[in-house]
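> Using only what follows, build the 3D model:
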Amino acid sequence: MDITFNKNEDHNKLLRAELRRQLGKVHQGGGKARIEKLHAEGKMTARERVEYLLDQPNQALEIGAFAGHGMYQDHGGCPSGGVVVKIGKVAGRMCVVVANDATVKAGAWFPITGKKNLRAQEIAMENRLPIIYLVDSAGVYLPMQDEIFPDKEHFGRIFRNNAVMSSMGIVQIAAVMGSCVAGGAYLPIMSDEALIVDKTGSIFLAGSYLVKAAIGETIDNETLGGATTHCEISGVTDYKAADDKDALNRIRSIMEKMGAQPVAGFDRAEPRKPAKDPEEIFGILPASRSEPYDMLEVIERLVDDSSFEQYKEGYGKTLLTGYARIDGWAVGIVANQRKVVKTKQGEMQFGGVIYSDSADKATRFIANCNQKRIPLIFLQDVTGFMVGSKSEHGGIIKDGAKMVNAVSNSVVPKFTIVIGNSYGAGNYAMCGKAYDPRLIAAWPSAELAVMGGNSAAKVLLQIETARLKKQGESLSKEKEKALFEEIKQRYDAQVSPYYAAARLWTDAIIDPMETRRWIATGIEAANQAPIEKPFNMGVLQV
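Purely as a prediction, here's the structure:
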């Protein structure tokens, strides 16, 4: 190993250490004092509930752990968006679990909470997975009600999705383990089966104080909407549980009696570990996002037996396409090649840039994977499409559009891992969030933006300089440098993987060593949903 490898390794392992530190903070939810208060009430925390429910909690995938990260600071913050979402197995069945975190503003819904809940339902619908709601929420966070209440992708969409999932035959089970008020009261009742925990669970459209104010009736919350009321008088809930564990055990009992469903039938062989050491990824991946490296070296440390069968190896070299297996599952991989490559004509092509020939190759490969029903994996480290007169005259826009069309219309499940850069239209063509990957995760080394920090800062500085010039002002070299650094610092904060994960542009930031598990679990989940429509790219500029 050379000195560069060692420096890269140190840098990337420090990024991993920071990821673990940040996750540790997130897992504390609203903090130690609020966790202790919940325990004193005889309740488990959201994370404790999910961990108890899942067969193998350490194998589950957490979606949106960093949702809300660094946001809503004027309101005290909202760790994990105030809700824990995991994909895992309950009684042997793959499912989605959604648990309100009552240590964060009593489980109230911030705007990001709504977005995260909708993402959980989207995953359940795409993969035909049962979804389990562990309800403990004070409802909409009123100071921000205008950002969570009335729009299409706001709070009300949750209940619309409840109805749609029911019509699709997707099993929904809700356990009311704390507050369930106002509009939120519809969620458990629109589920297939609803449980409520005695003495700690409650369901009502309006609490006792609001009832008193509205109609003058004096009544306590337990009589108004507790477990006895809803299990014995209203018939709103189906089961009464003695405590949290009793409710979770009942859910397991319901799940284990479910019948089998049709599957997509993706091919799986006996899983094999990579022949090359995955830990070497930390030394291969450069510390600087502008430095080249061989993406093939990364792929060989992610796939079974380090075996990657390239498609059109000698053509369109700035994209690697080919077949492999991950944990036994057959996959098609589309990856940005980051080293500078040489064409047959002797031309040099920049790594990480998509050229016409590479876009054409990727389009054909994506079509082939759809034809053969092979899930697609996109490994992103892309700066965008090639620019300049030669590329424009060669039809780069046309070839790029073909690739985007193929990604958009793909019917096999797609999974995206953002390894490094994810800039501009390259993000789109390589199956960014807007193109419906079943899961999209980022490594700590990822950057997502229209362009890199240096380029953006230069453009914005030019605009600011031109504006000042029109006003008859000018910048000294010192002020120009200071302004450049100020703009770059602000922009760099926005390209951070934590900034993207906070807004759910990605589902998670993951340790690179977790990549195989994320992809394999994602394909296993996707295998629960048979493909029902043919692949059709529509009209193309051929």
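> downstream neighbour of the helix or strand of the chain with the lowest mean pLDDT in the secondary structure list?
The helix or strand of the chain with the poorest confidence is helix 453-470; it has a mean of 79 (mean pLDDT, DSSP states H and E). Per DSSP states H and E, the first helix or strand lying C-terminal to helix 453-470 is helix 477-495.
> For that following helix, name the packing helices and strands.
Helix 477-495 sits against strand 447-449, helix 453-470, with contacts defined as 3 or more C-beta pairs under 8 Å, 6 or more residues apart in numbering; DSSP states H and E. Where you see a C-beta, it was placed from the backbone N, CA and C, and this is true even at glycine.
> one step back: mind listing what's buried in the least confident helix or strand of the chain?
Neighbour counts over helix 453-470 (16 or more other C-beta atoms under 10 Å) mark 453, 455-457, 460-461 as buried.
> and that helix, how far out from the chain's middle?
Centroid separation for helix 453-470 versus its chain: 34 Å, with C-alpha atoms, centre = their mean, to the nearest Å.
> what do you get for stretch 310-326?
Using C-alpha atoms, centre = their mean, the offset of stretch 310-326 from its chain centre is 26 Å.
> picking up where we left off before, tell me the angle the least confident helix or strand of the chain makes with helix 477-495.
Put simply, helix 453-470 runs at 130 degrees to helix 477-495, going by axes from the mean of the first three to the mean of the last three C-alpha atoms, to 10 degrees.
> could you dump helix 453-470 to CSV, C-alpha only?
Provided in CSV are the C-alpha atoms of helix 453-470 (Å, rounded to 0.1, in the frame of the first residue of the first chain):
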residue,chain,number,x,y,z
GLY,A,453,-18.6,24.2,-4.4
ASN,A,454,-15.6,25.8,-6.2
SER,A,455,-17.5,26.1,-9.5
ALA,A,456,-20.6,27.4,-7.9
ALA,A,457,-18.7,30.0,-5.9
LYS,A,458,-16.9,31.2,-9.0
VAL,A,459,-20.2,31.6,-10.9
LEU,A,460,-21.9,33.4,-8.0
LEU,A,461,-18.9,35.6,-7.5
GLN,A,462,-19.0,36.6,-11.2
ILE,A,463,-22.7,37.5,-10.9
GLU,A,464,-22.1,39.6,-7.7
THR,A,465,-19.1,41.3,-9.3
ALA,A,466,-21.2,42.2,-12.4
ARG,A,467,-23.9,43.6,-10.2
LEU,A,468,-21.6,45.8,-8.3
LYS,A,469,-19.9,47.0,-11.5
LYS,A,470,-23.3,48.2,-12.8
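> Would you mind pulling the contact partners of that helix?
Identification of contacts with helix 453-470 by C-beta atoms under 8 Å, 6 or more residues apart in numbering yields 447, 449-451, 474-475, 480, 483-484, 487-488, 491-492, 495.
> if we go to 7 Å?
449-450, 474-475, 480, 483-484, 487-488, 491-492, 495 (C-beta atoms under 7 Å, 6 or more residues apart in numbering).
> cool, stretch 185-196 as well?
Outside stretch 185-196, the residues touching it (C-beta under 7 Å, 6+ apart) are 133, 135, 158-159, 162-163, 166, 171-176, 180, 203-205, 227, 230-231, 236-241, 247, 250, 254.
> ok, back up a step: in JSON lines, list the helices and strands packed on helix 477-495 along with distance to A108.
Putting the helices and strands packed on helix 477-495 into JSON lines (distance: least, C-beta to C-beta, whole Å) gives the following:
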{"stretch": "strand 447-449", "distance to A108": "29"}
{"stretch": "helix 453-470", "distance to A108": "35"}
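> Identify each buried residue in stretch 363-372, please.
For stretch 363-372, a neighbour-count test (16+ other C-beta under 10 Å) marks 363-367, 369-370 as buried.
> on that earlier part again, any chance of a markdown table for the contacts of helix 453-470, columns pLDDT and neighbour count?
Output for the contacts of helix 453-470, formatted as a markdown table (pLDDT from 0 to 100; neighbours: other C-beta atoms under 10 Å):
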| residue | pLDDT | neighbour count |
| --- | --- | --- |
| A449 | 85 | 20 |
| V450 | 80 | 15 |
| S474 | 78 | 10 |
| L475 | 75 | 16 |
| E480 | 78 | 14 |
| L483 | 79 | 17 |
| F484 | 83 | 17 |
| I487 | 80 | 19 |
| K488 | 81 | 19 |
| Y491 | 79 | 20 |
| D492 | 81 | 17 |
| V495 | 91 | 21 |
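> any chance you could map the helices in the stretch 51-200 of the chain?
111-127, 156-168, 186-189 (DSSP state H, counting those that start in this stretch).
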